[in-house]
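Enquirer: sequence and predicted model, in that order:
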Amino acid sequence: MATVAEPLARVQESSRAGVSPLAEFLLVGGATPVLFALGWVLRHVVGLDAADLAFGFTFFYAAHLLNDPHFAVTYVLFYRKARERAFGRVMPPAQRARYVAAGLIAPAAMLAWAGYALATRSSYALGLFIQLMFFTVGWHYCKQGFGVLTVLSARRGVRFLPRERWALLAHAYAAWAYAWASPRDAGTEVEEKGVVYTTIAHGLRLEQATHVVFLATAAWALVVLALKWKREGRLPIATPLVGFVMSLWVWSVYSSADALLVYAIPAMHSLQYLYFVGLMKGAEAREREGPPWFERAAKTRMAWLAASALGLGWLLFHGAPTALDDLLVPRASRFTAMGPTPWFAAIYTFVNVHHFLMDAVLWRRETPEARYLFAR
């Protein structure tokens, strides 16, 4: 009979059986400067228009393999054993409450919101829903960057004290606030996924205030890291810091600094996310193919996970919205403020916001599978 130590040993061994340090560096954000350099070379060799076409074409189709599955796999992970997690005893009460809120209450509220907008053909209501997505996406990007830093640091044996975590988390939240507030907006008529709406106004003072807080928390985080380095000596967290900085500074706050790199940011974020899905589910699969479970081979489990994410991603972002728009949107309505693809806009927004909310629950330490992330 297998001892308790044997599965743990397999978890630890599986964590060492992953990608190389260089590959991990590139996957969690290090590829971003490489793409920036590639874009710079392309602009000077073939011109801006050709380079723009090449980047746009590449990352438009990369969405099928990276962006869409990264949303879809969250549903596969979150709703697996959902009843047991939400109403059973496998997790503490606070985490069960979070599961109910993100898995039942929030999607019901969003379905009502989107349903009202579609039923009444209200571009205003659907526009507010879309703006909720843009408001929360910065939170999602920055919190993921914080998670990359803390998890990869823990895998290297580096733990942050509570005051150090607060400093880093404060900078992540400040980055989210400044990314949303900048640039200032007096209320602009825009179009997103065919829907025309007017943005919520926010002025110069909010932009300036969030900028000050962003820079102040950056200084605080640097001081905290410097003191930690001085106190503990060697601080082997270069790759975790790259993931953190890229998520906050490049993908969120200064995402529009480069006209070509902006095409790649969703793909880089998705690649970072999928890497951690692979870490967690790969270690679990390798553990459970041995005693005392003797379940399916790890490669088979991971192949099914990848296929499920790809298939569900296609259904959520292509199959279902295309069919609904073709069937339910009258031709005359396609030239109104709702545009020709309101169902696509509603589903796209719903999946984005729901993904952010599920992630905030799924990747907490209280989730049973989270232990696979922290094995060194």
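Expert: Yep, it's here. Predicted model only: the values in this text are computed from it and were never measured.

Enquirer: all strands of the chain, in order?
Expert: Counting by DSSP state E, one finds strands in the chain at the ranges 189-192, 195-198.

Enquirer: what's the first one packed up against?
Expert: Just to be clear, that refers to strand 189-192. strand 195-198 (3 or more CB pairs under 8 Å, 6 or more residues apart in numbering; DSSP states H and E). To be clear about C-beta, it is placed using only N, CA and C from the backbone, and glycine gets the same treatment.

Enquirer: can we see that at 10 Å?
Expert: helix 123-155, strand 195-198, helix 342-362 (3 or more CB pairs under 10 Å, 6 or more residues apart in numbering; DSSP states H and E).

Enquirer: want to throw those into a markdown table with distance to Y273?
Expert: Output for the helices and strands packed on strand 189-192, formatted as a markdown table (distance: least, CB to CB, whole Å):
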| stretch | distance to Y273 |
| --- | --- |
| helix 123-155 | 7 |
| strand 195-198 | 26 |
| helix 342-362 | 8 |
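
Enquirer: closest one to D258 among those?
Expert: Counting by CB to CB, D258 lies closest to helix 123-155 out of these; the figure is 16.6 Å.

Enquirer: now do the buried residues in that closest one.
Expert: 123, 125-127, 129-133, 136-155 (16 or more other CB atoms under 10 Å).

Enquirer: how far off centre is it?
Expert: 6 Å (CA atoms, centre = their mean, to the nearest Å).

Enquirer: tilt between it and helix 342-362?
Expert: Compare the direction of helix 123-155 with that of helix 342-362 by axes from the mean of the first three to the mean of the last three CA atoms, to 10 degrees and you get 30 degrees.

Enquirer: pLDDT averaged over helix 123-155 - what is it?
Expert: Per-residue pLDDT values across helix 123-155 average out to 96.

Enquirer: what does stretch 166-185 give?
Expert: Here the average pLDDT along stretch 166-185 is 97.

Enquirer: the residue nearest to A221 when sequence neighbours are not counted - how many residues pack around it?
Expert: Spatially, and ignoring its direct neighbours in sequence, A221 is nearest to H171 (4.5 Å; CB to CB, 6 or more residues apart in numbering). Residues near H171, counting by other CB atoms under 10 Å, number 27.

Enquirer: please renumber so the chain begins at 248
Expert: Renumbered: residue one is now 248, and that last one reads H418.

Enquirer: how much space separates H418 from S502?
Expert: Distance of H418 to S502, computed by CB to CB, to the nearest Å: 17 Å.

Enquirer: for F304, give me its contacts.
Expert: Residues near F304 by CB atoms under 10 Å, 6 or more residues apart in numbering: Y510.

Enquirer: next one: L282
Expert: L282 neighbours (CB under 10 Å, 6+ apart): F302, F306, D505, L507, L508, Y510, A511, I512, A514, M515.

Enquirer: from V497, how far out is the first one?
Expert: Counting by CB to CB, the separation of F302 from V497 is 15 Å.

Enquirer: what's the answer for the third one, then?
Expert: Spatial separation of D505 from V497 under the definition CB to CB is 9 Å.

Enquirer: anything in contact with each of those two?
Expert: Common contacts of D505 and V497 (CB under 10 Å, 6+ apart): T279, F283, I512.

Enquirer: what's the pLDDT at the last one?
Expert: With respect to pLDDT, I512 has a value of 97.

Enquirer: about what we covered before: what's the closest of the helices and strands packed on strand 436-439 to A570?
Expert: helix 589-609 (8.6 Å).

Enquirer: next up, phi/psi of G441, please.
Expert: G441 adopts backbone torsions of phi 90, psi -10, taken as degrees, to the nearest 10.

Enquirer: for the residue lying closest to it once chain neighbours are set aside, the count of nearby residues, please.
Expert: Spatial nearest neighbour of G441, chain neighbours left out: G586 (2.6 Å); criterion: CB to CB, 6+ apart. Using other CB under 10 Å, the number of residues around G586 comes to 21.

Enquirer: for F603, see how far away G586 is.
Expert: 24 Å.
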